[in-house]
Structure formats: structure tokens, C-alpha cells
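S.K.: just coords:
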């Protein structure tokens, strides 16, 4: 698996993941020089190459002069995400856009979520592009890949979580005190949270909209929601 971009590679170097090698553009300076120094400190092999080589190896075309090669992303078991008294878990129900998934991982990590759940099928997975878009957050937040989001909701409920779907037509998120163990389900870009999944949840929470556009981007909606959880905990 390849991780591209300066910030993403720097974050990767902070983890315990095995890095096979780092390809750096010849004449590395600035942040690239910092990456080289950190790689040397950790004993990671560094290969200096021409930019044309990086362009050929890059899946995104935005490598910023550095590509790290690692083993495949390691997913966690769902149970490994379960946290303590004030745990927060994000569930993705049909997020297909890699940009949205990368942004969701970044938001979840910044808010201190215990993990993110994604389905085996019908959704984006953690690819090189998602790693880059997450700006390294994918290296620090646990991701569980499950056969069924609906069953994952049930497992969270058994573990003491209150699970809410983020969807239009529900209770205002600002009227709910989101403390304790909380699961938030964010739906696909076009379809939203599926009906059967909504029915499995303990409630539906909505973000008030006052403009002419009738929906928010999935990662933006999640950002608003998770920080309502953060706010509730700070005020508790």
C-alpha cells in the first residue's frame, strides 16, 4: 500500500506500522528533509528518485515529492473500537466517495472518536487516496470493516451505546444531550441513511437547514454532529 503526500507520510512515521521504504524526490528540502531525518531515525529505508519515478508510482498525481510503501491497511475488529464511559463511534452507511471517507476519518480522529465503521461492500474503503485525503488521520483512528452496518448497530447497542442516524426529518441535534456511549450513523452522498438502518437506530437526529440547498455534504454534517458530542461532554 502506498501513502502519498508530506503530511500523510509524516503522520505515518509516528505510528508503529511497518514501512518497507520511502521514495523521496532528489534534492529533498524543507518538509521532505524532515521526513528523511525521521525515516533515518526509525531505520526506514529511503530511496531518492527522480520526480518522473514518483509520477509513475503515484495513484493520485499529488505525491508532493514523497511516497511511502507499507503493507495493506490493517482493519480492526468491531469490538476493538468499543471505548469507555464517553465513547464515540462513527458508522458509515454507504459512503462511496473517497474524498468523503477521507474527510470523515479526519473529522473522527480530530474529535477523539474511538473508531469508524465501514461496510465490506457498497462503500469506499481505506485506499491510498483515502489515506492522503485524511491528512494522516487514518493512521491514528481505528477502522472496522463489517459485513453489515445494521448488525454493527445492534452490537453497539448491546455494548451500551445509544446509536443515532444523522438524517433529515428527525429531532434537532441541538435538543439532544449527547453524553455517554454514542454511535453516529452518517449516510451515503445521495441516498442518506438507509431505511432499515434508521429503524435499527435509537433515534434520528437532524441538523437545521435555513438555506435553499436541502442537504449538507456527509463529512460536513458529521463534523457538526461529532462536535455536538464534544460540546456536550465538555459541559457535563
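M.R.: Arrived safely, thanks for sending. The model shown is predicted, which means the values in this text are computed figures rather than measured ones.
S.K.: where are the low-confidence patches of the protein?
M.R.: Low-confidence segments of the chain (pLDDT under 70): 71.
S.K.: Helices of that one, residue ranges please.
M.R.: Listed in chain order, the helices of the chain (DSSP state H) span residues 6-13, 31-42, 51-57, 98-110, 128-133, 149-158, 195-200, 218-235.
S.K.: Please identify which of these is closest to residue 121.
M.R.: Evaluated over the helices of the chain, closeness to residue 121 peaks at helix 149-158, with 10.4 Å, by Cβ to Cβ. (Glycine included, C-beta is placed from N, CA and C.)
S.K.: tell me what the closest one is packed against?
M.R.: strand 88-93, strand 115-119, strand 162-172, strand 182-187, helix 195-200 (3 or more Cβ pairs under 8 Å, 6 or more residues apart in numbering; DSSP states H and E).
S.K.: Need the ones you listed in a markdown table (columns: distance to residue 20).
M.R.: Conversion of these to a markdown table gives the following (distance: least, Cβ to Cβ, whole Å):
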| stretch | distance to residue 20 |
| --- | --- |
| strand 88-93 | 29 |
| strand 115-119 | 25 |
| strand 162-172 | 38 |
| strand 182-187 | 34 |
| helix 195-200 | 38 |
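S.K.: would TSV of the ones you listed with mean neighbour count and distance to residue 127 be doable?
M.R.: TSV is the format used below for these (neighbours: other Cβ atoms under 10 Å; distance: least, Cβ to Cβ, whole Å):
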stretch	mean neighbour count	distance to residue 127
strand 88-93	27	14
strand 115-119	24	12
strand 162-172	18	24
strand 182-187	26	19
helix 195-200	16	24
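S.K.: Please give me every residue in contact with residue 38.
M.R.: Contacts were defined as Cβ atoms under 8 Å, 6 or more residues apart in numbering; by that measure residue 38 touches 10, 13.
S.K.: For the residue nearest the centre of the chain, list the residues it contacts.
M.R.: The residue at the geometric middle of the chain, judged as the C-alpha nearest the mean C-alpha position with Cα atoms, centre = their mean, is residue 105 (1.4 Å). Residue 105 makes contact with 116, 126, 130, 134, 137-138, 141, 143, according to Cβ under 8 Å, 6+ apart.
S.K.: Now the two most distant members of those residues.
M.R.: The largest separation in those, counting by Cβ to Cβ, is between 130 and 141 at 11.8 Å.
S.K.: Nearest residue to the residue nearest to the centre of the chain in space, please, no chain neighbours.
M.R.: residue 134 (4.2 Å; Cβ to Cβ, 6 or more residues apart in numbering).
S.K.: Next: residue 187.
M.R.: Skipping the residues right next to it in sequence, residue 187 comes nearest to residue 193 by Cβ to Cβ, 6+ apart, at 3.6 Å.
S.K.: So the one you found is in contact with residue 92, correct?
M.R.: No - proximity of residue 193 to residue 92 does not meet the contact threshold set by Cβ atoms under 8 Å, at 10.0 Å.
S.K.: shared neighbours of those two, anything?
M.R.: Between them, residue 193 and residue 92 share the contacting residues 185-186, judged by Cβ under 8 Å, 6+ apart.
S.K.: Give me the distance between the most far-flung residue of the chain relative to its centre and residue 186.
M.R.: Largest separation from the mean C-alpha position in the chain: residue 27, at 32.7 Å (Cα atoms, centre = their mean). Look at residue 27 and residue 186: by Cβ to Cβ, to the nearest Å, they are 43 Å apart.
S.K.: what's the answer for residue 115, then?
M.R.: As judged by Cβ to Cβ, residue 115 and residue 186 stand 14 Å apart.
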